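J.: pasting the structure only:
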């Protein structure tokens, strides 16, 4: 049955078995395969497998066919972010700068499509602060994201992401005390290892940028280590 196959698809995601997700997608019943959420997760898996071009094509097609959404643009922003990291690590500066700008642009479009979608908002603000620590627009975005996140926390269905988002906001604002306090809740709310990996990666990018600018953030490094240790346990 389609719902069983879809459950297996998301179970592979929980195990970070990206190639298994890609393989299974091709075998899914059409009704399941045509689901927008399944196609978004398929694109995510393609990207994690290093097939950035295929992921970008799939996500752009979803946007063209169904219109802008925070979720789809958020995944597209992640594709460009990974391309930026690859170009940066290989010292291809001009390409890296372009990919960083394209990533920020995609995240901003996702946030503008739905101001209640905290994922593209926090990612846009983080990358904007990495590009320019004095970016005032990033500060404005953080204020909106923080409000939306606090609204999510008031819901009984609140899960990992609101707590992880507040942790990132506190890290960006250099609020060590609040970040350390939030860390415990992030660790206990995590259900899948890739969630912690995503948060750790974002904070590590912020940490790298500060080290490059000779701004010490040893406490942020300790938080990244704690996230990765918990990730390895799941």
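T.: Yep, it's here. For clarity, every value in this text was computed on a predicted model and none was experimentally measured.
J.: Spatially nearest residue to the residue positioned nearest the centre of the chain (excluding sequence neighbours)?
T.: Nearest residue to the geometric centre of the chain (CA atoms, centre = their mean): residue 198, 5.6 Å. Of all residues not flanking residue 198 in the chain, residue 164 sits nearest, at 7.9 Å (CB to CB, 6 or more residues apart in numbering). Yep, even glycine has a C-beta here, placed from its N, CA and C like the rest.
J.: Any idea how far the host helix or strand of the one you found is from the middle of the chain?
T.: Using DSSP states H and E, residue 164 falls within helix 160-172. Here helix 160-172 is found 12 Å from its chain centre; the criterion is CA atoms, centre = their mean, to the nearest Å.
J.: Which positions within that helix qualify as buried?
T.: 160-172 (16 or more other CB atoms under 10 Å).
J.: picking up where we left off before, tell me the spacing between the residue nearest to residue 198 and residue 225.
T.: 16 Å (CB to CB, to the nearest Å).
J.: What of residue 196?
T.: Residue 196 is 12 Å from residue 225, where distance means CB to CB.
J.: who has more neighbours, these two?
T.: Neighbours per residue (other CB atoms under 10 Å) separate residue 196 from residue 225, with residue 196 holding more: 25 against 12.
J.: Which residue ranges of this protein form helices?
T.: 2-14, 18-27, 30-33, 36-48, 52-66, 70-89, 93-113, 118-131, 136-153, 160-172, 176-189, 193-212, 218-233 (DSSP state H).
J.: if we look at the third one, which residues are touching it?
T.: Counting contacts by CB atoms under 8 Å, 6 or more residues apart in numbering, the residues outside helix 30-33 that touch it are 2, 3, 5, 6, 9, 25, 38, 39.
J.: sorry, back to before: which secondary structure elements does the helix holding residue 164 contact?
T.: Helices and strands touching helix 160-172, as assessed by 3 or more CB pairs under 8 Å, 6 or more residues apart in numbering; DSSP states H and E, comprise helix 118-131, helix 136-153, helix 176-189, helix 193-212, helix 218-233.
J.: Next, the contact list for the spatially closest residue to residue 204 that is not a sequence neighbour, please.
T.: In space, and not counting its chain neighbours, residue 204 is closest to residue 224: 5.2 Å by CB to CB, 6+ apart. Going by CB under 8 Å, 6+ apart, residue 224 touches 200, 203, 204, 207.
J.: if I look at residue 210, how far off is residue 224?
T.: 12 Å.
J.: just residue 69 next, same as before
T.: Applying CB to CB, the value for residue 69 to residue 224 is 30 Å.
J.: would CSV of the contacts of residue 224 with distance to residue 144 be doable?
T.: CSV is the format used below for those (distance: CB to CB, whole Å):
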residue, distance to residue 144
200, 24
203, 21
204, 25
207, 24
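J.: so which of those is the most crowded?
T.: Going by other CB under 10 Å, residue 203 tops the contacts of residue 224 with 23 neighbours.
J.: Leaving out chain neighbours, which residue sits closest to that one?
T.: residue 224 (5.1 Å).
J.: now swap in residue 211 and tell me
T.: Spatially, and ignoring its direct neighbours in sequence, residue 211 is nearest to residue 217 (7.6 Å; CB to CB, 6+ apart).
J.: Contacts only, for that neighbour.
T.: 174, 206, 207, 210, 211.
J.: do the same with residue 122
T.: The neighbourhood of residue 122, defined by CB under 8 Å, 6+ apart, consists of 142, 145, 165, 168, 169, 202.
J.: Closest one of the residues you listed to residue 58?
T.: Checking the contacts of residue 122 against residue 58 by CB to CB gives residue 202 as the nearest, at 22.9 Å.
J.: how much space between that closest one and residue 125?
T.: Residue 202 is 10 Å from residue 125, by CB to CB.
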